[in-house]
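Undergrad: Give the three-dimensional model of this entry:
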Amino acid sequence: MTSFGVRLREAMGRCGPLCVGIDPHPPLLRAWGLTEDLDGLKRFADTCVDAFAGEVALVKPQVAFFEAYGSGGFMVLEDTIAALREAGTLVLADAKRGDIGSTMAAYAAAWLGDGPLGSDAVTVSPYLGFGSLTPALELAAANDRGVFVLAATSNPEAAQLQRITAADGRTIAQSVVDDAAVRNVGAAFGSVGVVVGATLDEVPNLGLLNGPILMPGVGAQGGGPESVRALVPRDSFAAAVPAVSREVLAAGPAVEALRSRTKELTDAFAFLQN
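TA: Sure thing, here's the model as predicted:
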């Protein structure tokens, strides 16, 4: 199989750079006229699959909103992942897993293996030390999957940790980006990406990453084409993956309305591929 990084770049060439989230939180279920139970969850997820499969480069189910429903929620998530992947659409499980040793290996097996939750990529947290991610990084490489490492997130609390300057003069966020870049050396386009908020006022140096830059915060959180343009170096535009959820999902529940809003945003970020 071709590496995740190359498959993502090819998908972005076909569909544009956008990553669309599937976030079935209660206010959206209600706005769509759906019940806050497994039936509503499944209807929401199935509509998103119909709207986004084959239309966008990457789809990002937010695991927590499925997990909230227990085992039944995980069954809906499994079906959603399977349907998207069967349609040829890349799936990023937004699980933000992070642990050490055998526990990290088990998380990796769940999200990057061939089981029912197996996805094309997963988000992970490096804040037990970047080395703690080794089981996930190694399994991703072995299975041609991807990993997106939280580097500079846009929540206000993040700066307290991520902008600390270490003894070598780098911020913690910069060290995460640099460690990810090491994993991508020699690749046509690496499979170890980073997560960088689209609403930040400054970001780490991304020039040597050679991998995808997932940028959540587009739309409802205030990020947009201009903020992405300002934060990403011109020579890294092609690596930027703006991530949007509520801004698209608020257009539902009609499939055509969801697709229309997705296309509008895809067109707005076309400059990233020029």
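
Undergrad: switch to C-alpha atoms for all contacts and neighbour counts from now on
TA: Fine.

Undergrad: Which residues lie in contact with the nearest residue to Val255 once chain neighbours are set aside in this structure?
TA: What sits nearest to Val255 in space, not counting adjacent residues and going by CA to CA, 6 or more residues apart in numbering, is Ala51, at 5.0 Å. By CA atoms under 8 Å, 6 or more residues apart in numbering, the contact list for Ala51 reads 255-256, 258-259.

Undergrad: Would you mark the buried spots in stretch 118-129?
TA: Using 16 or more other CA atoms under 10 Å as the test for burial, stretch 118-129 gives 118-127.

Undergrad: what's the burial count for the residue nearest to Ser191 when sequence neighbours are not counted?
TA: In space, and not counting its chain neighbours, Ser191 is closest to Gly5: 4.2 Å by CA to CA, 6+ apart. Using other CA atoms under 10 Å, Gly5 has 26 other residues around it.

Undergrad: right, and Gly5 touches Pro212 too?
TA: Yes - applying CA atoms under 8 Å as the test, Gly5 and Pro212 come out as touching, 7.4 Å apart.

Undergrad: intersection of neighbour lists for those two?
TA: In contact with both Gly5 and Pro212: 190-192, using CA under 8 Å, 6+ apart.

Undergrad: Gly146 against Val192, yeah?
TA: Yes - the pair Gly146 / Val192 is scored as a contact, 5.8 Å apart, by CA under 8 Å.

Undergrad: Need the residues touching each of these two.
TA: With CA under 8 Å, 6+ apart, Gly146 and Val192 have common neighbours Gly5.

Undergrad: quick one on the thing from earlier: what's the distance between the residue nearest to Ser191 and Val248?
TA: 25 Å (CA to CA, to the nearest Å).

Undergrad: Show the pLDDT at the residue of the chain most remote from its centre.
TA: Most distant residue from the mean C-alpha position of the chain: Ala167, 30.7 Å away (CA atoms, centre = their mean). For Ala167, the model assigns a pLDDT of 90.

Undergrad: What's the separation between it and Asp39?
TA: 53 Å.

Undergrad: ok so, going back, need the shared contacts of Gly5 and Pro212 in TSV (columns: distance to Leu272 and secondary structure).
TA: Below are the shared contacts of Gly5 and Pro212 laid out as TSV (distance: CA to CA, whole Å; DSSP: H, G, I helix; E, B strand; the rest coil):
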residue	distance to Leu272	secondary structure
Gly190	18	coil
Ser191	19	coil
Val192	20	strand
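
Undergrad: Surely the residue nearest to Ser191 is in a strand?
TA: No - secondary structure of Gly5 (DSSP: H, G, I helix; E, B strand; the rest coil): helix, not part of a strand.

Undergrad: Tell me the spacing between it and Ser260.
TA: Gly5 is 27 Å from Ser260, by CA to CA.

Undergrad: How about Leu161?
TA: With distances taken as CA to CA, Leu161 is found 39 Å from Ser260.

Undergrad: that older thread, now do the SS call for the residue nearest to Val255.
TA: Per three-state DSSP, Ala51 ends up helix.

Undergrad: can you start the count at 832 instead of 1 from here on
TA: New numbering, starting at 832: the last item is Ala882.

Undergrad: where does it land on pLDDT?
TA: pLDDT, Ala882: 98.

Undergrad: can you check Ile912 too?
TA: For Ile912, pLDDT reads 98.

Undergrad: what's the answer for the one 5 residues further on, then?
TA: In this model, Glu917 is scored at 98, pLDDT.

Undergrad: where's it relative to Thr911, distance?
TA: According to CA to CA, Glu917 and Thr911 sit 10 Å apart.

Undergrad: okay, how far is it across stretch 1097-1105, tip to tip?
TA: Using CA to CA, the end-to-end distance of stretch 1097-1105 comes out at 13 Å.
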